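K.L.:
Predicted model and sequence below, questions to follow.
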Amino acid sequence: MVGQDPGSRRPRQNGVTDHRPVGMIGRLFRHVRLRRLATTIHREHARDLPWPAADPRRNAFDWDDGEAARLTALIVPMVPSEADRAADPGEMSGWLFTARVTALLVSRFGRWACGWDHSNHFGGPVETWCCPSHSVGGAEETAARVVTCLLEWRGWLEDIAERFEQLAPHPDADAEDRSWHLERAVTRLVTVVVNSTHADGGWQRLCETTLTWFLTSTGLGPDEARKAVEAAIGGRFRSHVVPATTLVDTVGEDLAIGLTGRGFYRER
Ligand SMILES: [Zn+2]
Ligand SMILES: [Zn+2]
């Protein structure tokens, strides 16, 4: 029933006339509309978070068995049925599900939780998720998987937050010492990201985000941090390619020199 399709109530875009399709054609068009609808659903992505929104030190996470049970009970009825998924070759029901789960997790725990499905497949550190077509199945099993992924993502954030503290230049460091600390931090953090993403497709974006977050955690403004990171990487990290040690060292050196103007602590 075309009239009941939420997509058909959306305002027309691009000046396209609304020919209301019927029958078989209508079903095909409805699918296209749902696809458009889904792309307009707002969902937050980890890479868009400023570090204060992702930082576990600033965002408490009250978790126990009771909360695990309550969350699972909320997710179970959200999982698309097998029939829904079978009738949906474009996996739209799965994408809508992940968008709605993200909204639920963010409203319950805070913005940091949006990274729960940032899987290896999309260059993220979460191992237990892949994509809707491989990760959405039976309701109970899928809800349990979401919970596992949320904890994995939280654990990853806690791990990098601890590293940020260990790697930060001390407050009274002079330019040269600061440069040494920054270069060391880049080398360590790039290695962490490569290991936790297996350098899968898009890992370099998480790498940029992580380095930007690190610099922000040391007091740099987010825009300045992002520009410094992009300039230092210079497009040299690529999907599915583990960067050579020499390249990682060079990026670390470029970032450190770019930010401190110093880098002669090492024999050249
Ligand atoms: Zn997959
Ligand atoms: Zn030092």
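P.N.:
Yes, it's here. Ligands and ions are numbered 1, 2, ... in the order given.
K.L.:
List the buried residues in stretch 63-82.
P.N.:
71, 75-76, 78-80 (16 or more other Cβ atoms under 10 Å). C-beta: built from backbone N, CA, C; applies to glycine.
K.L.:
ignore the last one, stretch 215-232
P.N.:
Neighbour counts over stretch 215-232 (16+ other Cβ under 10 Å) mark 215-218, 220, 225-226, 228-229, 232 as buried.
K.L.:
Pull that stretch out as PDB, backbone CA atoms only.
P.N.:
Output in PDB follows, covering the C-alpha atoms of stretch 215-232 (Å, rounded to 0.1, in the frame of the first residue of the first chain):
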ATOM      1  CA  LEU A 215      46.400  16.000  20.100                       C
ATOM      2  CA  THR A 216      43.200  17.400  21.400                       C
ATOM      3  CA  SER A 217      43.800  15.600  24.700                       C
ATOM      4  CA  THR A 218      47.100  17.400  25.000                       C
ATOM      5  CA  GLY A 219      45.400  20.700  24.700                       C
ATOM      6  CA  LEU A 220      45.500  21.500  20.900                       C
ATOM      7  CA  GLY A 221      42.300  22.900  19.400                       C
ATOM      8  CA  PRO A 222      40.300  20.300  17.400                       C
ATOM      9  CA  ASP A 223      40.600  22.100  14.000                       C
ATOM     10  CA  GLU A 224      44.300  22.700  14.400                       C
ATOM     11  CA  ALA A 225      44.800  19.000  15.500                       C
ATOM     12  CA  ARG A 226      42.900  17.700  12.500                       C
ATOM     13  CA  LYS A 227      44.800  19.900  10.000                       C
ATOM     14  CA  ALA A 228      48.200  18.900  11.600                       C
ATOM     15  CA  VAL A 229      47.300  15.200  11.400                       C
ATOM     16  CA  GLU A 230      46.000  15.400   7.800                       C
ATOM     17  CA  ALA A 231      49.100  17.300   6.700                       C
ATOM     18  CA  ALA A 232      51.400  14.800   8.400                       C
END
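K.L.:
which other helices and strands contact the longest helix anywhere in the chain?
P.N.:
Counting residues, the longest helix found in the chain (DSSP state H) is helix 139-167. Contacts defined by 3 or more Cβ pairs under 8 Å, 6 or more residues apart in numbering; DSSP states H and E place helix 139-167 against helix 65-75, helix 92-109, helix 175-197, helix 203-217.
K.L.:
Quick one: name the residues of the protein near ligand 1.
P.N.:
Applying Cβ under 5 Å from the ion, one finds that the chain approaches ligand 1 through 130-131, 134.
K.L.:
would His240 count as being in a strand?
P.N.:
No: assigned with DSSP: H, G, I helix; E, B strand; the rest coil, His240 falls outside any strand and is coil.
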